[in-house]
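J.: Pasting the sequence and the predicted coordinates here, then a few questions.
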Amino acid sequence: MWNVFDLLQYQFMQNAFIAGSIVAIMASAVGYFVILRGLTFAGHELGYIGFAGAAGAVLLGIDPVFGLLVFTIGSAIGMGILGKEVRERDIAIGIIAMLGLGLGVLFLALYTGYAEQAYSILFGTIVGISRADVLVTALASIVVGSILLVIFRPLLFSSLDEEMAEARGVPVRMLSILFLVLVAMVVSISVQIIGVLLIFTLLIGPSATASRLVQSPARAILLGMVLGLLYTWLGIVIAAYSNWPVSFCIATLSFGVYLPVRLLSPLWSGRRRGEATNAANKARTDAQKSLAEAEKV
Amino acid sequence: MAQEPVIELENVSISLGGRPILRDINLTIEKGEFVVVLGPNGAGKSTLLKMLLGLLHPNSGTIRVLGKTPRRGNPSIGYAPQHRVLESDLALRARDLVGFGLDGNRWGTGWPSRKRDALIDQALDEVQARSFADAPIGQLSGGEQQRLLIAQALLTNPQLLLLDEPLSNLDIARQQDIVELVTQVCRSRNVAVLLVAHDVNPLVSVVDRVLYLANGHSAIGTPSEVVTSATLTKLYGTPVEVVRAMDRIFVVGVEV
């Protein structure tokens, strides 16, 4: 009934699948660290700030991705410099994001061209992705991916505890700003598929689900990528055949899988906790037994 | 053959944000010494640790750690911060946390290796954390997390161990466990330990010396020399009474 191979005849579909796959992989990789570092709000708001850039770019007649990149990277550096006081920082980010959203609304109102392009910034698209977009997406993700591989260990370390990492010589401040720039780049390339409004579903959804299913960083990131790819591919296919917006399809899949995992995970984590306690107790009684044996001799 | 001191502070003063924290501090810590650092909040205990780690620099005076000026990322120093409440759905296992002590500061992703796993297992054994090595850290208790932080600090076989408030927010039994662990580590490895705490009681029978910081000044000596009404009154600059009752030491009259 639904023949994916028919879909892939169309170039715009090929573009959507390629760009979508790249985006899913990068968003999950970065998303793991976004959750770890408590930056989910900032990541989300970067989308809104970027919206102003995208809408401004459309108004100027250039590819929205460049507007997104400029605005999000600029804000990311600003956020990194603002530092760590979370509550203050979040208020500042929220206010700037609202300004961004407002400006974006203004730019779109001033724009007299194709409404489709404006619509797709907010909601994502499967029809509007060009070969050039795919190229930009691929290049950006090569940059982000390479940097992420290089900073992987110190980033993980400083995400857990900045003081400890700094004491061991990790340049935590630089990593913090650099990472936010990576998030900005990933948000920018994700907008074309998922739109500004639903960034969370690709950035956070797969990683949050994966983190509840497996425990090591490497496995959580890989599982997140697999989930992200599945949601994106299924989402595109469903969107193609049903005419529902692709971001809605992906969001529903992302949420639909997260919800049962979230509700059921205390069951298996409780069991793990119990196993750990039982193992510790057993070790203790074994030790006592051997001590008793030794004293008898 | 005299061994070089592990820590030497000569006339060290430091101010933070315009406020003087420590004034003209002089002290020496020898190899293998177990020292507890006491004092009220804001007295400079964490500041002292940060200076030893090369994260802060004194305004005047000299500090020498193992004969050299403190520098960041010195593998001869093991540092364990205070355990904190972590979210329960962090995908990070106990052995991952401990592994940071080995190579968390190196670039790249690293490669799984049996040798690396063996070193981590060894560290986990030393702190008796092997049984929960694969549990996610967010699900561990404060005491269990503190063990992991100590294990992490030991992986480079340091000559100096800095522990920042490892006993806080733990019940008495868990505090005793950690004190026993640290004592064991200190004596078996002959590593100097600086342990920051608020209460001397869990430690009074195991430490070699007490370093008391208050009011910008310091007093260092055995517990019976330092934790006295006379010494603390002089240190704090206000009347302090040290009361011994029911086998415990109480410091009355000031914040500890």
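T.: Yep, that arrived.

J.: So which residues on chain A come close to chain B?
T.: Residues of chain A found near chain B (CB under 8 Å from any CB of the partner chain) are A:32, A:35-36, A:149-154, A:156-157, A:160-161, A:163-170, A:208, A:210-212, A:214-220, A:265, A:269, A:272-273, A:276, A:279-280, A:283. All C-beta atoms are positioned from the backbone trio N, CA, C, and that covers glycine.

J.: PyMOL command for the buried members of these?
T.: Provided next is the PyMOL selection string for whichever of these are buried by 16 or more other CB atoms under 10 Å in any protein chain shown:
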select buried, chain A and resi 32+35+36+151+152+153+154+156+157+160+161+163+164+165+166+167+168+169+170+208+210+211+212+214+215+217+218+220+265+269+273+276+280
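
J.: which helices and strands does the longest helix seen in chain B pack with?
T.: Determined from DSSP state H, the single longest helix within chain B is helix B:172-189. Contact here means 3 or more CB pairs under 8 Å, 6 or more residues apart in numbering or on different chains; DSSP states H and E; on that basis helix B:172-189 packs against strand B:34-38, helix B:142-154, strand B:160-164, strand B:192-196.

J.: Let me have these in JSON lines, adding mean neighbour count as columns.
T.: JSON lines is the format used below for these (neighbours: other CB atoms under 10 Å in any protein chain shown):
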{"stretch": "strand B:34-38", "mean neighbour count": "24"}
{"stretch": "helix B:142-154", "mean neighbour count": "25"}
{"stretch": "strand B:160-164", "mean neighbour count": "23"}
{"stretch": "strand B:192-196", "mean neighbour count": "24"}
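
J.: who wins for proximity to chain A among those?
T.: helix B:142-154 (7.4 Å; CB to the nearest CB).

J.: how far off helix B:172-189 does the closest one point, in degrees?
T.: 20 degrees (axes from the mean of the first three to the mean of the last three CA atoms, to 10 degrees).

J.: do helix B:142-154 and chain A meet at all?
T.: Yes: judged by CB under 8 Å from any CB, helix B:142-154 and chain A are in contact via B:Leu149, B:Gln152.

J.: Which other helices and strands does that helix contact?
T.: strand B:77-80, helix B:94-103, helix B:114-126, strand B:160-164, helix B:172-189.

J.: Nearest to A:Leu135, out of these?
T.: With CB to CB, the closest approach to A:Leu135 among the helices and strands packed on helix B:142-154 belongs to helix B:94-103: 36.4 Å.

J.: quick check: angle from the closest one to helix B:142-154?
T.: 30 degrees.

J.: Quick check: which ranges of chain B have low pLDDT?
T.: B:1-2, B:88-89 (pLDDT under 70).

J.: At the contact with chain A, which residues of it appear?
T.: Counting by CB under 8 Å from any CB, chain B sits next to chain A at B:53, B:55, B:72-74, B:77, B:79-81, B:88-93, B:96-97, B:100-101, B:103-110, B:131-132, B:134-136, B:139, B:149, B:152.

J.: mind redoing it with 7 Å?
T.: B:53, B:55, B:72-73, B:79, B:81, B:89-93, B:96-97, B:100, B:103-110, B:131-132, B:134-136, B:139 (CB under 7 Å from any CB of the partner chain).

J.: Show the buried residues in these.
T.: Buried among the residues of chain B next to chain A (16+ other CB under 10 Å): B:53, B:79, B:81, B:90-93, B:96-97, B:100, B:103-105, B:110, B:131-132, B:135-136, B:139.

J.: Show me the domain layout of chain B.
T.: Here the domain parsing of chain B from automatic domain parsing is B:1-76+B:158-256, B:89-157.

J.: Now for the closest residue in space to B:Ser15 that isn't next to it in sequence: which residues touch it?
T.: Excluding its sequence neighbours, the residue lying closest to B:Ser15 (CB to CB, 6 or more residues apart in numbering or on different chains) is B:Asn59, at 5.7 Å. Under the criterion of CB atoms under 7 Å, 6 or more residues apart in numbering or on different chains, the neighbours of B:Asn59 are B:Ser13, B:Ile14, B:Ser15.

J.: tell me which of the residues you listed is nearest to A:Ala55?
T.: Nearest to A:Ala55, judged by CB to CB, of the contacts of B:Asn59 is B:Ser15 at 49.3 Å.

J.: Residue of chain A nearest chain B, please.
T.: For chain A, CB to the nearest CB, closest residue to chain B: A:Gly169, 2.1 Å.

J.: who's in contact with the spatially closest residue to that residue that is not a sequence neighbour?
T.: Closest residue to A:Gly169 apart from its sequence neighbours, by CB to CB, 6+ apart: B:Gly73 at 2.1 Å. Neighbouring residues of B:Gly73 by CB under 7 Å, 6+ apart: A:Arg168, A:Gly169, B:Asn105.

J.: Looks like the first one contacts B:Arg106 (just checking).
T.: Read that as A:Arg168. No: using CB atoms under 7 Å, A:Arg168 is not in contact with B:Arg106; the gap is 9.7 Å.

J.: Tell me how many other residues surround A:Leu203.
T.: Residues lying near A:Leu203 (other CB atoms under 10 Å in any protein chain shown) number 31.

J.: how close does it get to A:Gly104?
T.: 19 Å (CB to CB, to the nearest Å).

J.: Tell me where the model's unsure across chain A.
T.: Those would be A:1-2, A:83-87, A:269-297, if you go by pLDDT under 70 across chain A.

J.: just the angle between the host helix or strand of A:Ala140 and helix B:142-154, please?
T.: For A:Ala140, the element it lies in under DSSP states H and E is helix A:131-160. On the basis of the same axes, to 10 degrees, helix A:131-160 is oriented at 100 degrees to helix B:142-154.
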